[in-house]
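Visitor: give me coordinates for this.
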Amino acid sequence: MERMVKNSLRKLGTITLAAALGASVLAGCGSNAGGQQSTGAAGSTDKNNTIRVAVMTGQPDQYQIFVGQQQGFFEKNGVNVETTEYAYGINTIDAVTNKTADTGEMADFAAVNRIGNSQDKTNLVFFSESAASEMNTGGLYVAPEYADNLSALTDSKGIITSIGTVYEYYNWIALNHIGVDSNKVNNVNADSSQTKIALVQQNNASAVVGSGSVTSYYEDAGWKLVSKAKELGIITGSYLLTTKEFNDNNPQLLANYLKSLQESTDYINAHLDEVAADVAKKFGVEEENFKADWQSQTLRVGFTEDGAKHLEEVADWAYTHGKYDKKFNVRDYIDTTAAKQYDPASVTISEK
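Guide: Numbers count the residues shown, from 1 in each chain. From the prediction side, this is the model:
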C-alpha cells in the first residue's frame, strides 16, 4: 500500500540534509543553475569542451562545481560546465538517460535499480565514484505510540519512503534491525524532505529513517529515536554516471572534469570555513551544518575495489528483494577509461 503526498507546502525554513542520505531540499528542482562558460584548454571557448551536469541539491558535486567555477579549476582544465539542479538521484538519472544532461551524481540504490530494470536497453555507465559515507547521526524514528511496541508498525500508517530511491534500502535495513518484516509495513511515499517533515508533524506516518539537521524536526514533533544510526550501519555510496556514447566519445573531457572535481575537493578541505560562508550565501545552508555534512563523507574520484563491491552488495539486495527480475553483473556497467586518464592510481578496481 502506498500513499503519495504531493509537495504543496511552504518551504519549512532552511534544512540542511546529510549527504549520507542522498536527500535534498526540493528547491529549484529542474531549474537551470547558471550554466557558466569557461575558457577552453587552448584559451578559447569551445562547445566541444562543454559538459552538462545534472546536480542533486545539497550533494557534493553541486558544491564542487560551485567552488570549481569560483576558483577557475574548470577553466584551467578546459572544461565548460553547465548545470541543472534536481531533487533526487532518480531525477538526475532521467536527465542523463534522456540526454538532457551528460552526467550526474546518483546514490547507489537509485543507480542499480534503474539499470536492473532496464539492463539490455540501458545506455548508462558508471565512470567514477563520488563519495562514500556512513550515517552517523539520527537513525530510525517512530511516532511516540510505537516506541515501546515496535511490532505494531506492521499495523500502522507506515514508514516514510521515496519509492525508487535509496530510502527503500535504508528502510529495509532499519526495519530488519528491529526485527520487523518490511514487507508487512506500509510505505508512505513522499517527494521531498519538506513533505517528510509535514507527514511527521501531521501524524500521517509512523516511522522514518533520518539523519542530519532534519532530525530536529522529528524530535520537535515528539518522535522517538529507537535505533541510532551507528547501530544500523548504513553506508551510502554515490557515483558519477554518463551514457556509453558520451563516455566513448569524450574520455579526455570526463578525465578533465574529474581532475577539476578533485581540485575543488582539495580546495574545500583546505578552506572549509571560507567555503562554508560562501555556500551559506549562495545556497542558504547554515555554515556549521555544511561543514558537518561535508566532513562526514569520504570524497573521491576514480574507482576503488571497495566502491565496486559496494555496488555489487546493493545490486544483490535489490535483486533478492524483487526490485527487478533479472540478476546482472554490475561491473559490466563500470568503465574506468576516463578515471585512468585522469590518474591511473585512482583506479584499483579488479577486472570483470
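
Visitor: make it CA atoms for all contacts and neighbour counts henceforth
Guide: Will do.

Visitor: show me where the stretch 1-150 of the chain has its strands.
Guide: 2-5, 50-56, 80-86, 103-107, 124-134, 139-142 (DSSP state E, counting those that start in this stretch).

Visitor: winner for burial among those strands?
Guide: Across those, averaging neighbours per residue (mean count of other CA atoms under 10 Å) puts strand 103-107 on top, at a mean of 28.

Visitor: as PDB, could you dump the C-alpha coordinates of that strand?
Guide: The C-alpha trace of strand 103-107 is given here as PDB (Å, rounded to 0.1, in the frame of the first residue of the first chain):
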ATOM      1  CA  THR A 103      26.500  13.300 -16.400                       C
ATOM      2  CA  GLY A 104      25.100  13.300 -12.900                       C
ATOM      3  CA  GLU A 105      25.700  12.000  -9.400                       C
ATOM      4  CA  MET A 106      23.400   9.200  -8.200                       C
ATOM      5  CA  ALA A 107      23.200   7.200  -5.000                       C
END
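
Visitor: what helices or strands is it leaning on?
Guide: strand 50-56, helix 89-97, strand 235-243 (3 or more CA pairs under 8 Å, 6 or more residues apart in numbering; DSSP states H and E).

Visitor: now L241. Nearest residue, chain neighbours left out?
Guide: F126 (4.5 Å; CA to CA, 6 or more residues apart in numbering).

Visitor: in the sheet, who's paired with that neighbour?
Guide: For F126, the beta-bridge partners are L241, I334 (DSSP bridges).

Visitor: what about it, distance to V279?
Guide: The gap separating F126 from V279 is 28 Å, by CA to CA, to the nearest Å.

Visitor: try G322
Guide: 40 Å.

Visitor: and these two? which has more neighbours close in?
Guide: Neighbours around G322 and V279, counted as other CA atoms under 10 Å, are more numerous at V279. The numbers are 18 against 9.

Visitor: ok, the more buried one touching E288?
Guide: No: in this structure, V279 is not within contact of E288 by CA atoms under 8 Å, at 10.8 Å.

Visitor: quick check: closest non-adjacent residue to A276.
Guide: Counting by CA to CA, 6+ apart, A276 lies nearest to E287, which is 4.9 Å off, once chain neighbours are set aside.

Visitor: correction: S227
Guide: The shortest distance from S227 to any non-neighbouring residue, by CA to CA, 6+ apart, is to L140 (5.1 Å).

Visitor: got the CA positions of the helix or strand hosting E245 in PDB?
Guide: Taking DSSP states H and E as the criterion, E245 maps to helix 244-249. Below are the C-alpha coordinates for helix 244-249, written out as PDB (Å, rounded to 0.1, in the frame of the first residue of the first chain):
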ATOM      1  CA  LYS A 244      28.000   4.900 -23.000                       C
ATOM      2  CA  GLU A 245      28.100   7.100 -26.100                       C
ATOM      3  CA  PHE A 246      29.300  10.200 -24.200                       C
ATOM      4  CA  ASN A 247      31.800   8.100 -22.300                       C
ATOM      5  CA  ASP A 248      33.200   6.600 -25.500                       C
ATOM      6  CA  ASN A 249      33.400   9.900 -27.300                       C
END
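
Visitor: packing partners of that helix?
Guide: With contacts taken as 3+ CA pairs under 8 Å, 6+ apart, helix 244-249 sits against strand 124-134.

Visitor: outside of the strand it packs on, which residues touch it?
Guide: With contacts defined as CA atoms under 8 Å, 6 or more residues apart in numbering, strand 124-134 is touched by 19-20, 60-61, 97, 105, 115, 233-244, 247, 296-304, 307, 333-339.

Visitor: return the angle between stretch directions for that strand and strand 235-243.
Guide: Strand 124-134 and strand 235-243 meet at an angle of 160 degrees, taking axes from the mean of the first three to the mean of the last three CA atoms, to 10 degrees as the criterion.

Visitor: F290 - that's part of a helix, no?
Guide: Yes: under DSSP: H, G, I helix; E, B strand; the rest coil, F290 sits within a helix.

Visitor: need the contact list for the closest residue to it other than its chain neighbours.
Guide: Of all residues not flanking F290 in the chain, A276 sits nearest, at 6.3 Å (CA to CA, 6+ apart). Contact analysis of A276 by CA under 8 Å, 6+ apart lists 286-288, 290-291.

Visitor: could you report the pLDDT at A276?
Guide: Listed pLDDT for A276 reads 97.

Visitor: so where does it fall, helix or strand?
Guide: helix 272-283.

Visitor: state the phi and psi torsions of the nearest residue to S211 once chain neighbours are set aside.
Guide: Leaving aside its sequence neighbours, S211 sits nearest to G138 (CA to CA, 6+ apart; 4.4 Å). Per-residue torsions, G138: phi 70, psi -140 (degrees, to the nearest 10).
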